[in-house]
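In: I'd like to go over a predicted model; first the sequence, then the structure.
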Amino acid sequence: MRWPSSLISVLLVAAGLGACDRSAENQAPPAQTAKPAATSTAAAATKPLVFDPKDVKAFKVLPAKFEYDKNPITDDKVTLGRMLWYETRLSKNHDISCNSCHDLSNYGVDNKPFSPGHKGQLGGRNSPTAYNAGHHIAQFWDGRAENLEEQAKGPILNPVEMAMPDEKRVIATLKSIPEYVKLFKAAFPDDKDPVTYDNMARAIGAFERGLVTPSRFDKYLGGDDKALTAEEKAGFHKFISLGCPTCHTGVAVGGSSFQKLGLVKEYPGLKDNGRFDHTKDEKDKFFFRVPSLRNVEKTFPYYHDGSIASLDEAVRTMAWHQLGVEAKPEEVKSIVAFLKALTGDLPTEYIKKPELPPSTATTPKADPS
């Protein structure tokens, strides 16, 4: 299958769900008034579909975990990292953990446009899912953290999020709890002083690298042609032909590039400078990391600002602003059917909340100020 030649120039730079842009024409996607085609999506799906092999090969089966040679995954690191993930004492007021905004039992999100942090303060960007994030080119919407280990350091000290005053306070808290001291020694046996801020982040990162959600799509990529329904295969075909894989491809069906929103039609009302805030490079203005579409059915609301509530609307606005295509209702429906096939299985045993160790008399108290 080949993409329409009229789209080739756009496809070289088009962004996908969650990319960000600035303005040019102040247009919104036109209202969908066209009636659905006489042939239903289900009926169309019964027709033989022919894929160009290179198009399908652009997608990869999820690994069991995302290995990282600079932070080898060990059972002891994962055990410690899992506990730290749920540890509210890593926040100033002892009321927020990593899981507060990235709820692992809810596909790694809280389904809010902006997550509440210390004293109910709201961040300026939507909290992305933690699942399959080990594949991402970088972390945070603007890519300011190179990897999961670097990302884990940020929210704890962010005054709007977990609000700890400094690394010293974090380490004092952890060292005051004997069980954590033992767990750090087990996870980092070669370190003379294993309870460090960097090691805390390494443990959390090792745990996150196992947050993987295989789906029926992986079975399909692995050769099981019956893993997807005829309707879902038709949606995959439409997803490819429309140009979505320009950005949403690979293992995580996205997450591997930075792109800009509004290349063809302006995305109105954008105020966030995106990646520019990190790099200060003019060419990075209004660029964001393209998110993964794995579990996208569950990770609403969409985009960096959580401004789009429904998946149908997200698909329609992406087609318009990125490709200049007014997607027909039946096309949107077809693509959404495929996207729902990317909803994976949660690793319920792996994410089960452990019993956390008790505080001691020397553990710093909660500070709501």
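Out: Great, that's in hand. Residues are numbered from 1 along each chain as shown.
In: now do stretch 277-290: distance from first to last residue.
Out: Between the opening and closing residues of stretch 277-290 there is a gap of 16 Å (CA to CA, to the nearest Å).
In: what does stretch 173-181 give?
Out: Length of stretch 173-181, first residue to last, CA to CA: 11 Å.
In: for Ala172, give me its contacts.
Out: If you count contacts by CB atoms under 8 Å, 6 or more residues apart in numbering, Ala172 has them with Pro364. In short, each C-beta sits where N, CA and C put it, glycine included.
In: state the pLDDT value of it.
Out: With respect to pLDDT, Ala172 scores 98.
In: and the gap between it and Leu157?
Out: Applying CB to CB, to the nearest Å, the value for Ala172 to Leu157 is 14 Å.
In: same question for Ile240.
Out: Counting by CB to CB, the gap between Ile240 and Leu157 amounts to 42 Å.
In: the two - which one has more neighbours?
Out: When neighbours are counted by other CB atoms under 10 Å, Ile240 comes out ahead of the other of Ile240 and Leu157, with 23 against 18.
In: wait, Pro194 touches Tyr180, no?
Out: No: in this structure, Pro194 sits apart from Tyr180 without contact. The criterion is CB atoms under 8 Å, and the distance is 10.2 Å.
In: export the strand or helix carrying Gln322 as CSV, just CAs?
Out: Gln322 is part of helix 311-323, with elements assigned from DSSP states H and E. C-alpha atoms of helix 311-323 as CSV (Å, rounded to 0.1, in the frame of the first residue of the first chain):
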residue,chain,number,x,y,z
LEU,A,311,-10.5,9.8,21.2
ASP,A,312,-12.8,10.4,18.2
GLU,A,313,-12.1,14.2,18.6
ALA,A,314,-8.4,13.6,19.0
VAL,A,315,-8.2,11.6,15.8
ARG,A,316,-10.3,14.2,13.9
THR,A,317,-8.3,17.2,15.0
MET,A,318,-5.0,15.5,14.3
ALA,A,319,-6.0,14.6,10.8
TRP,A,320,-7.0,18.2,10.2
HIS,A,321,-4.2,20.2,11.9
GLN,A,322,-1.4,17.8,10.9
LEU,A,323,-2.4,16.5,7.5
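In: now the next helix or strand after that helix: mean pLDDT?
Out: Using DSSP H and E, the helix or strand that directly follows helix 311-323 along the chain is helix 329-340. Mean per-residue pLDDT for helix 329-340: 98.
In: counting contacts, what elements does helix 329-340 pack onto?
Out: Helices and strands touching helix 329-340, by 3 or more CB pairs under 8 Å, 6 or more residues apart in numbering; DSSP states H and E, are helix 41-45, helix 230-242, helix 311-323.
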